[in-house]
Structures are given as structure tokens and as C-alpha cells.
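[1] Pasted the sequence and its predicted model underneath.
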Amino acid sequence: MSKIIWLASYPKSGNTWMRAFLHNLLRDPSESYDINKITDFSTSDSAIEWYSAQNPKPWQDWTALDVAKMRRGAQQAICRWRKDDTFVKTHNASVVFLGYPLIHQDLTAGTIYIVRNPLDVAISLTHHYGCDLDTAIGILADPSIGSKTNDKIVYEVHKSWSIHVDSWTSQKRPGLAVLRYEDMLADPMRVFGGLAQFLGLNPPKARLQRAVERSSFKALRAQEDKKGFKEKSPHAQKFFREGRAEQWREVMTQSQIDKVVAAHKEMMQRFGYLPRR
């Protein structure tokens with residue numbers, strides 16, 4: 001049985017960008033890999049089809065505990081899905097919930113964790129959830145936050161931004177690579193090239209360059225403009241909206257910045273995100 005390579009992040013931190021890069025690198029298509037077909041190659045640990053096979057009841061009748069008990073079976077099914085280790089997107093924190101782990105380490109081959117400055121994550125959340133900035137800042141600090149089960153995914157347990165980041169980056173786990181979103185933007189060839197080495201790959205420079213270019217924000221936004229993106233939130237005009245770092249400098253008040261820092265100072269300091277006065 002194969003195992004899972006987690007593509008983990010707090011929501012709106014670059015997970016889809018990472019999936020697009022890996023698809024373009026490993027498939028090396030003649031043009032940018034179709035963003036609406038990336039689930040053909042990878043999957044999500046929350047995709048409802050991994051749970052429906054275990055429980056004949058309609059998903060509307062599932063309790064939170066029902067889903068918690070089914071997560072291991074879902075991850076085992078994912079491991080049987082392909083002969084090789086499988087890339088699996090998750091926004092879940094790596095914690096125990098209702099007595100059951102959200103992430104099973106014995107089914108894990110490795111983890112790619114993407115961390116992004118919470119000041120910028122807050123801005124992206126306003127578009128994703130259709131809320132104002134103060135609400136988004138509150139979401140980032142809420143240890144009970146998550147999503148609900150619907151006809152496409154089971155509920156997710158996000159926790160606060162700090163708890164989420166800490167849960168993935170501070171525990172001992174098989175093969176962990178931690179990437180900063182901002183470094184991916186600033187020097188994609190170096191960062192994605194290092195990731196390819198982490199995965200045991202040694203692509204020719206030209207192939208790596210093609211994958212970087214075909215998964216760039218410009219390329220992904222062009223695809224979305226042309227044919228839409230099925231993972232776009234109904235609240236957002238675009239999924240690939242800005243793709244920039246430090247947007248917070250343009251839109252946040254000092255009071256809002258201080259609230260984010262007060263809630264996440266330790267983790268922000270660890271990853272170099274504390275604003276300079």
C-alpha cells in the first residue's frame with residue numbers, strides 16, 4: 001500500500017499554487033496543466049467520496065463524530081488509490097479532534113507545509129469568505145474555526161493560524177519540508193528546485209523552469225479568466241486574485257496590524273513575519 005504526501009496549509013496560503021506546480025513538473029505537459037483537472041492527479045483528504053463509501057447514510061445525517069471515525073478509513077482508501085505515494089491536499093490542523101487524529105502519521109510518507117504571513121492571509125480570507133477585515137482577523141485567532149460538511153467535502157478543523165502552523169511544523173513527522181509563500185514568490189526557481197530535490201527528483205533545469213512558468217500566478221490567472229476555476233469560493237470574484245506579498249501594508253490600519261501580531265506574535269517571529277517599526 002502506498003502512503004500520503006501531505007500538501008498542507010492554512011486556507012489561502014498557496015496550496016493550490018503548489019498543486020499546480022507539482023502537476024506541471026511531474027506531467028510536463030505541452031502547455032499549462034488544466035487547473036480544473038488537478039484532482040485527476042492529487043486529491044483532498046476532505047473529498048466526500050472517500051467517506052461516502054464507508055457510510056450509507058446521506059451526508060446530511062452524518063454527525064461530527066461519524067466523520068471523525070471515518071477519517072482513517074478515508075486516508076487508507078487514498079493510500080490504495082494509486083500504486084505510488086499520493087499527493088493529498090489538506091487544510092486540517094494536525095491535531096486530535098473528538099478523540100480521533102485528523103492526520104494519521106503511519107499512513108504518511110512526507111509533508112510539504114506552506115506558511116504565509118497571517119497579515120496577508122487575513123486579506124485573502126475577506127474575499128474567500130465574503131467578510132470584512134476585522135472578521136477575518138477574528139477568524140485567524142479563533143481556535144474553534146473550521147468548515148462544515150457539504151455535498152463536496154466533509155468538515156475541516158482549521159483552528160487558529162498559530163495553532164495550525166505549530167501543529168504541522170513543531171511535531172516530529174516523516175519527511176517534512178516547510179516553505180514560506182513569500183520565498184516561493186521571491187525566488188521560485190530556488191524554492192521549487194529545492195522542493196524537487198526534497199522529493200527525490202532531479203529535473204533538468206529547462207523542465208523545472210517550464211513548471212515554474214506554467215504554474216505562475218500569471219498563468220493560473222489566465223486560465224481562470226478563460227474558463228473559470230471550480231474551486232473558487234462563491235463569495236470571491238476570482239480565486240487567483242492578487243498573488244502578491246505584503247498587501248497588508250496598503251489596506252490594514254495600525255490597530256488591525258496590532259491585533260494580528262498580538263494573537264500570533266510567537267509564530268510570526270519564528271517565520272520572520274513581525275512588522276518592522
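    Okay, I see it.
[2] Now do the helices for the stretch 151-277 of the chain: every range, in order, please.
    Secondary structure of the stretch 151-277 of the chain, counting by DSSP state H, counting those that start in this stretch: helices at 161-169, 181-186, 188-198, 205-214, 217-227, 248-251, 254-270.
[3] Dump those helices to a markdown table, plus mean neighbour count and distance to residue 40.
    Backbone N, C-alpha and C define where each C-beta goes, glycine included. Below are the helices of the stretch 151-277 of the chain laid out as a markdown table (neighbours: other CB atoms under 10 Å; distance: least, CB to CB, whole Å):
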| stretch | mean neighbour count | distance to residue 40 |
| --- | --- | --- |
| helix 161-169 | 23 | 26 |
| helix 181-186 | 18 | 23 |
| helix 188-198 | 16 | 21 |
| helix 205-214 | 17 | 16 |
| helix 217-227 | 15 | 15 |
| helix 248-251 | 13 | 35 |
| helix 254-270 | 15 | 35 |
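[4] can I get the ones you listed in a markdown table with mean pLDDT and distance to residue 3?
    Converted to a markdown table, the helices of the stretch 151-277 of the chain look like this (pLDDT from 0 to 100; distance: least, CB to CB, whole Å):
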| stretch | mean pLDDT | distance to residue 3 |
| --- | --- | --- |
| helix 161-169 | 98 | 17 |
| helix 181-186 | 95 | 25 |
| helix 188-198 | 95 | 16 |
| helix 205-214 | 92 | 23 |
| helix 217-227 | 70 | 28 |
| helix 248-251 | 91 | 37 |
| helix 254-270 | 97 | 28 |
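[5] Would you reformat the ones you listed as JSON lines and include distance to residue 130?
    Shown next, in JSON lines, are the helices of the stretch 151-277 of the chain (distance: least, CB to CB, whole Å):
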{"stretch": "helix 161-169", "distance to residue 130": "19"}
{"stretch": "helix 181-186", "distance to residue 130": "22"}
{"stretch": "helix 188-198", "distance to residue 130": "30"}
{"stretch": "helix 205-214", "distance to residue 130": "30"}
{"stretch": "helix 217-227", "distance to residue 130": "18"}
{"stretch": "helix 248-251", "distance to residue 130": "16"}
{"stretch": "helix 254-270", "distance to residue 130": "18"}
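[6] Would you tell me which of the ones you listed gets closest to residue 121?
    In terms of CB to CB, the element of the helices of the stretch 151-277 of the chain nearest to residue 121 is helix 161-169, at 6.5 Å.
[7] can you list the weak-confidence ranges in the stretch 51-200 of the chain?
    Residues of the stretch 51-200 of the chain that meet the criterion pLDDT under 70 are absent altogether.
[8] Relative to residue 69, which of the helices of the stretch 151-277 of the chain is closest?
    So among the helices of the stretch 151-277 of the chain, helix 161-169 is nearest, using CB to CB, at 20.5 Å.
[9] before we move on, back to that, would you mind saying which of the helices of the stretch 151-277 of the chain lies nearest residue 25?
    Of those, the one closest to residue 25 (CB to CB) turns out to be helix 205-214, at 3.8 Å.
[10] Just list what the closest one packs against, helices and strands only.
    For helix 205-214, the packing partners by 3 or more CB pairs under 8 Å, 6 or more residues apart in numbering; DSSP states H and E come out as helix 15-27, helix 188-198.
[11] State the three-state secondary structure for residue 89.
    Classification of residue 89 using DSSP: H, G, I helix; E, B strand; the rest coil returns strand.
[12] Is it bridged to anything, and to what?
    Assessed by DSSP bridges, residue 89 has beta-bridge partners residue 7, residue 44.
[13] can you tell me which residues contact the nearest residue to residue 251 once chain neighbours are set aside?
    Leaving out its chain neighbours, the residue that sits closest to residue 251 by CB to CB, 6 or more residues apart in numbering is residue 123, at 6.3 Å. Neighbouring residues of residue 123 by CB atoms under 8 Å, 6 or more residues apart in numbering: 133, 136, 247, 248, 251, 252.
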